[in-house]
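Colleague: Could you work out the structure for the sequence below:
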Amino acid sequence: MKPYDRKPKQIVVTTLCLLAGNGLLAFLVAAFVIPHDIIMGGTTGIGIVLHKLFPSIEVASFVFVLNALLLLIGLIILGKKLFITTVASTILYPVMLALCQRIPGIDSLTDNPLLAAVFAGALMGIALGLVMRVGSSTGGMDIVNLILHKWLHLPIALFVYLTDTLVVGGQALFTLPEKTLLGILVLVIESIVLDKTMLVGTSQIQILIISERFEELRSALLNRLQAGVTMIRIETGRLRQEGFSVLCVIPQNKLYAATELIQEIDPDAFITISQIKEVRGQGFTTARKEILNPEEPN
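Modeller: Residues are numbered from 1 along each chain as shown. I've put the predicted structure just below:
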């Protein structure tokens, strides 16, 4: 991919993720959270409580005001890049929530509170993950989570769980125990799905081979399997012999062929096989450079 092609693609991906994430979040709140009075974290949870105190004001209005205040804090601490993308969510989410609440029958998709909580947690994790994967946020408490992540360098999913727990805990003082339990269930499912969504990508298999016949293995993997390899200088632990190990990342459907090829060349080769969640770079997310003769240096 040419350098000047990357920016337009990133803009399109970011826009689609923002639209999908905010739309999904607005839908689940309108369809599952508000109709079943499920307590939840974030500014939405605070907005629901404020709506109970002031019924004449919609939840979306409270959310917009809270998000705007936190957005200013994010501008000061996190910088302009996040501010620009978060502005979109600050506007999109309350607008989409207001529109979703006006969809006929959206509040009667299910009469089972447990089913509503499960769907709310799962969809919320996906929605937040889509937005956070492109370096943005849905605004509100997500900004607090990103600030904590920047300062403490711990997983974002952990901060999502902690801040949401605080908000849910505050609401638990004013609601029935069953609603509190459903809220906790939403948080647990949300955290699990968010963590998985953040890691979704092109899953591949990584093979590490230690063998005295590393040159033959390198050549065979390059030419016969058409796989990229990396040579890593090593020293054996027992005999302190220097050599190279062969590192190879391949699609899952090539695993059998790769192991058969390695065993054919060196039946005594030491092999470790592991699954990696995501791969980026040449040959995977960018076009592979074709070399006529892999044996010749670039």
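Colleague: Against which helices or strands is the worst-scoring helix or strand of the chain on mean pLDDT packed?
Modeller: Here the helix or strand of the chain ranked lowest by mean pLDDT, DSSP states H and E is helix 156-172, holding a mean of 77. With contacts taken as 3 or more C-beta pairs under 8 Å, 6 or more residues apart in numbering; DSSP states H and E, helix 156-172 sits against helix 42-53, helix 141-152, helix 177-199. From N, CA and C alone the C-beta is placed, and that goes for glycine too.
Colleague: Could you give me the buried positions within the second one?
Modeller: If I follow you right, that is helix 141-152. Neighbour-count burial for helix 141-152, counted by 16 or more other C-beta atoms under 10 Å, picks out 141-149.
Colleague: Do a quick rundown of the helices in the protein.
Modeller: Under the criterion DSSP state H, helices of the chain are mapped to 3-28, 42-53, 59-78, 80-100, 113-133, 141-152, 156-172, 177-199, 214-223, 255-265.
Colleague: centroid residue for this structure?
Modeller: Nearest to the mean C-alpha position of the chain, by C-alpha atoms, centre = their mean, lies M198 at 1.4 Å.
Colleague: Test my guess that it contacts R133.
Modeller: Yes - the criterion here is C-beta atoms under 8 Å, and M198 meets it with R133 at 6.2 Å.
Colleague: quick one: L225 and Q252, what's the gap?
Modeller: 14 Å (C-beta to C-beta, to the nearest Å).
Colleague: Give me the more crowded residue out of these two.
Modeller: L225 (17 against 10; other C-beta atoms under 10 Å).
Colleague: Include distance to R240 when you put the helices of the chain into a markdown table, please.
Modeller: Converted to a markdown table, the helices of the chain look like this (distance: least, C-beta to C-beta, whole Å):
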| stretch | distance to R240 |
| --- | --- |
| helix 3-28 | 45 |
| helix 42-53 | 56 |
| helix 59-78 | 49 |
| helix 80-100 | 49 |
| helix 113-133 | 45 |
| helix 141-152 | 41 |
| helix 156-172 | 42 |
| helix 177-199 | 38 |
| helix 214-223 | 17 |
| helix 255-265 | 24 |
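Colleague: who wins for proximity to C248 among those?
Modeller: helix 214-223 (5.5 Å; C-beta to C-beta).
Colleague: For the residue nearest to M96 when sequence neighbours are not counted, give its distance to N67.
Modeller: Nearest residue to M96, sequence neighbours excluded (C-beta to C-beta, 6 or more residues apart in numbering): A26, at 3.6 Å. To N67, A26 is 13 Å away according to C-beta to C-beta.
Colleague: Could you do A98 as well?
Modeller: Counting by C-beta to C-beta, the gap from A98 to N67 is 13 Å.
Colleague: low pLDDT regions in the stretch 51-200 of the chain?
Modeller: 81-82, 85, 137-139, 157, 200 (pLDDT under 70).
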